[in-house]
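Visitor: what follows is a protein structure lacking sequence information:
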Ligand code: GLY
């Protein structure tokens with residue numbers, strides 16, 4: 001069960017963050033509303049939600065999942081793959097130190113937390129434009145010392161591994177068809193995303209509830225079969241910045 005979530009308020013300059021989206025310029029007031037609804041949903045699931053102030057030097061810093069990874073036994077301050085995001089972890093570190101021993105990924109290794117998928121105590125480490133082999137190797141060693149197993153998975157499309165696959169409980173992965181054939185995922189049950197709804201891969205499983213992005217009815221119908229409560233959240237402005245539900249919190 002998760003008991004805590006760390007979040008950070010989007011700053012007024014959040015639209016200056018990195019994005020490849022062609023969905024238009026995002027709206028600050030709307031993202032604040034969407035972020036508040038997200039925090040309220042986490043609270044409704046029994047989590048204590050820690051809200052950190054915006055970081056004007058780092059417009060992407062409200063995507064707190066990338067500069068850190070929290071496992072049951074340790075917290076890792078990563079070295080994000082985008083130079084503009086390196087340094088976001090320094091204000092997370094004192095918070096994480098209150099809950100876990102903290103270790104670091106060191107350059108030339110790079111890791112974005114968005115590439116790290118935890119399934120029970122096993123970790124899939126996506127090799128992407130943001131997470132390199134050196135970073136993956138450092139992380140695998142740190143995880144092994146903490147008693148976790150891990151393996152790497154090549155991310156051929158999308159920003160992060162978790163842009164295409166997430167654990168939705170009951171030994172099941174919600175996954176795009178391009179990742180579904182990857183041998184790393186052969187042992188798991190899979191719910192295949194419709195090609196028109198691949199953004200919904202970024203669904204968040206918390207305490208036997210699924211938080212999913214609003215507006216993906218085919219995926220909602222498929223997830224319904226798991227028999228869990230589903231909460232839909234509007235993340236239109238987050239999506240415009242290449243983000244999603246998993247990116248906006250560190251759960252532990
Ligand atoms: N805007 C999120 C990222 O590209 O890191």
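Guide: On my side now, so go ahead. In this text, all values refer to a predicted model and were calculated from it rather than measured experimentally.
Visitor: please go through this structure and pick out the longest helix.
Guide: helix 28-44 (DSSP state H).
Visitor: chain center to it: distance?
Guide: The offset between the C-alpha centroid of helix 28-44 and the centroid of the whole chain comes to 16 Å, using C-alpha atoms, centre = their mean, to the nearest Å.
Visitor: for that helix, which outside residues touch it?
Guide: With contact meaning C-beta atoms under 8 Å, 6 or more residues apart in numbering, helix 28-44 is reached by 5, 7, 9-10, 12, 14-15, 49, 51, 62, 206, 211, 231, 233-238, 245, 248-249, 251. Where C-beta positions appear, they are placed from N, C-alpha and C, glycine not excepted.
Visitor: again, but for stretch 205-224
Guide: Outside stretch 205-224, the residues that reach it (C-beta under 8 Å, 6+ apart) are 1-2, 38, 41-42, 45-47, 166-169, 174, 191, 193-194, 196-197, 199-200, 202-204, 226, 228-235, 239, 244-245, 251.
Visitor: which residues of the stretch 151-252 of the chain fall in strands?
Guide: Secondary structure of the stretch 151-252 of the chain by DSSP state E, counting those that start in this stretch: the strands cover 165-167, 172-175, 189-192, 204-206, 209-213, 229-233, 250-251.
Visitor: off-centre distance for the fifth one?
Guide: Going back to what we said before, that points to strand 209-213. Between the mean C-alpha location of strand 209-213 and the chain-wide mean there is a distance of 13 Å, by C-alpha atoms, centre = their mean.
Visitor: strands paired with it, and their directions?
Guide: For strand 209-213, sheet partners with direction are given as strand 204-206 (antiparallel), strand 229-233 (parallel), following DSSP bridges.
Visitor: still on that earlier bit, is the ligand within reach of the longest helix of the chain?
Guide: No: if you take C-beta under 6 Å from any ligand atom as the test, helix 28-44 misses the ligand, and the best it gets is 12.1 Å.
Visitor: before we move on, back to that, which of the contacts of helix 28-44 are buried?
Guide: Buried residues within the contacts of helix 28-44, defined by neighbour count using 16 or more other C-beta atoms under 10 Å: 5, 7, 9-10, 14-15, 49, 62, 206, 211, 231, 233, 235-238, 245, 248-249, 251.
Visitor: the stretch 101-250 of the chain against the ligand: which residues are in contact?
Guide: Near the ligand, when you scan the stretch 101-250 of the chain using C-beta under 6 Å from any ligand atom, you find 241-243.
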